[in-house]
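Visitor: What would the 3D arrangement of this be:
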Amino acid sequence: MMKSYLPTIILGSGLLTVSGCSSVMTHTGGQDGTYPGTRASYQMLTDSGTSWGYKPFVVLDMPFTAIADTVLVPWDLYRTDKSLKSKVEASENANLATNSVLPPVQ
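Guide: Sure thing, here's the model as predicted:
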């Protein structure tokens, strides 16, 4: 008799694709620093705007996100973000620093 491994393979691949999704989203979204997925998950848990139905999924995903972030720490330390979002944020921060010293003309 041949055992069917198809349900096990489908379940295993589903768990692998779902696990660490906060880490994947933050690394592809251009967030700087180490452990960006874990920080994003924590912010979702502490945010009052996150629905109660979504928080259990964040709790289940958080250990996998932390593991994925740990594996990606060398990449986080090596990479320099050149995305459009990071360029706009750097420009805004520079403008805020300049405006705090020299206020803009009214």
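
Visitor: okay, CA-based contacts and neighbour counts for the rest of this
Guide: Noted.

Visitor: I'd like the distance between V73 and S23.
Guide: The gap separating V73 from S23 is 11 Å, by CA to CA, to the nearest Å.

Visitor: who's more crowded, these two?
Guide: More crowded of V73 and S23, by other CA atoms under 10 Å: S23, with 27 against 14.

Visitor: any idea which element that one lies in?
Guide: Here S23, judged by DSSP states H and E, is contained in helix 21-28.

Visitor: low-scoring stretches of the chain, by residue?
Guide: Across the chain, the ranges flagged by pLDDT under 70 are 1-2, 15-19, 30, 80-83, 97-106.

Visitor: Start from the N-terminal end of it and give the helices.
Guide: All helices of the chain, identified by DSSP state H, fall at 6-18, 21-28, 36-46, 55-71, 73-78, 84-101.

Visitor: Can you list the buried residues in the fifth one?
Guide: Just to be clear, that refers to helix 73-78. D76 (16 or more other CA atoms under 10 Å).

Visitor: got a list of contacts for it?
Guide: Applying CA atoms under 8 Å, 6 or more residues apart in numbering, the contact partners of helix 73-78 are 32-35.

Visitor: for the helix holding S23, the distance to its chain's centre please.
Guide: Distance of helix 21-28 from the chain centroid (CA atoms, centre = their mean, to the nearest Å) equals 4 Å.
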